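Student: Any chance you can model this:
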Amino acid sequence: MIAISLDKAFAESGVSVRLGCVSARVEPRRAHEALERTLDWEVSRQSRDLQQHPVSDVPQVAATRQAYRALGKDPSRYRPASEALLRRIMDGKGVPRVNTAVDTGNLISLRTGHAVGVYDLAAVSPPVRLRPGADGESYEAIGRGPFNVACLPVLADAKGPFGSPSSDSTRTMVSLRTRHILLVLFAFGATADLDRDLGFAAASIGAYLDGQQVESAIIASRAA
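Tutor: Take a look at the predicted model:
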């Protein structure tokens with residue numbers, strides 16, 4: 001497992017954060033029939049659930065939004081990716097299909113409620129640290145262009161920030177050529193059963209990405 005640390009700024013801001021991390025050797029494909037069926041089922045389930053309560057009531061979404069506010073970021077302008085996925089479903093837009101690495105990450109996010117990042121480890125330069133984005137920091141985000149990460153929780157390596165709970169960078173994005181991934185569940189607050197969620201993530205990588213050499217770890221920090 002690649003080394004990842006948490007900046008003390010989270011505890012100092014009153015933010016409890018844990019990272020559920022899975023690394024694996026993988027074989028992404030354009031599509032996977034069983035994954036397609038499972039995603040369709042999950043979208044239907046979420047669509048039914050969202051008729052009963054708003055997205056903002058999902059505990060993991062609410063905790064992430066609270067963390068953003070504590071760090072000085074407006075969660076209504078920079079929505080967590082998990083919230084954005086659920087809002088797509090609520091609006092009847094479904095979940096886009098990209099490749100089995102991205103699609104597996106979306107399935108894990110929908111099932112667990114956490115924002116999930118999937119990164120090509122060949123493009124990551126250790127060490128990696130989760131820290132608040134600095135003023136003026138940005139990166140080229142997937143499908144979004146230049147993305148302001150100031151005050152967002154960001155994963156940063158020796159080359160700078162590359163991922164956040166809102167949007168990931170093109171520098172470390174996964175593709176059909178990716179052979180080694182790092183998948184991260186961003187868990188804020190203290191209510192989520194991250195051991196269970198991490199188990200589901202590891203099992204999904206094995207089932208839909210032919211995952212080998214699968215390693216899991218939880219990296220934790222508590223609010224001061």
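
Student: all contacts plus neighbour counts: C-alpha atoms, from now on.
Tutor: OK.

Student: what mean pLDDT would you report for the longest helix seen in the chain?
Tutor: Criterion DSSP state H: the longest helix present in the chain is helix 33-50. Taken as a whole, helix 33-50 has an average pLDDT of 95.

Student: And stretch 56-72, by the same measure?
Tutor: pLDDT averaged over stretch 56-72 gives 92.

Student: what does stretch 135-146 give?
Tutor: Rounded mean pLDDT across stretch 135-146 is 94.

Student: Residues in contact with that stretch: which ones?
Tutor: 147-151, 161-162, 167-171, 173 (C-alpha atoms under 8 Å, 6 or more residues apart in numbering).

Student: Strands - which of those residues land there?
Tutor: Using DSSP state E, the subset of those located in strands is F147, N148, P161, F162.

Student: For the second one, give the beta-bridge partners.
Tutor: Applying DSSP bridges to N148 gives these bridge partners: S138.

Student: That one - how many residues pack around it?
Tutor: By other C-alpha atoms under 10 Å, the residues close to N148 number 17.

Student: moving C-terminal of the longest helix of the chain, what's the next helix or strand?
Tutor: helix 59-71 (DSSP states H and E).

Student: Run through the neighbouring helices and strands of that next one.
Tutor: strand 180-188 (3 or more C-alpha pairs under 8 Å, 6 or more residues apart in numbering; DSSP states H and E).

Student: Please identify the buried residues of the helix or strand following the strand it packs on?
Tutor: Per DSSP H and E, the first helix or strand lying C-terminal to strand 180-188 is helix 194-208. Buried positions in helix 194-208, judged by neighbour count with 16 or more other C-alpha atoms under 10 Å: L194, D197, L198, A201, A202, S204, I205, G206, Y208.
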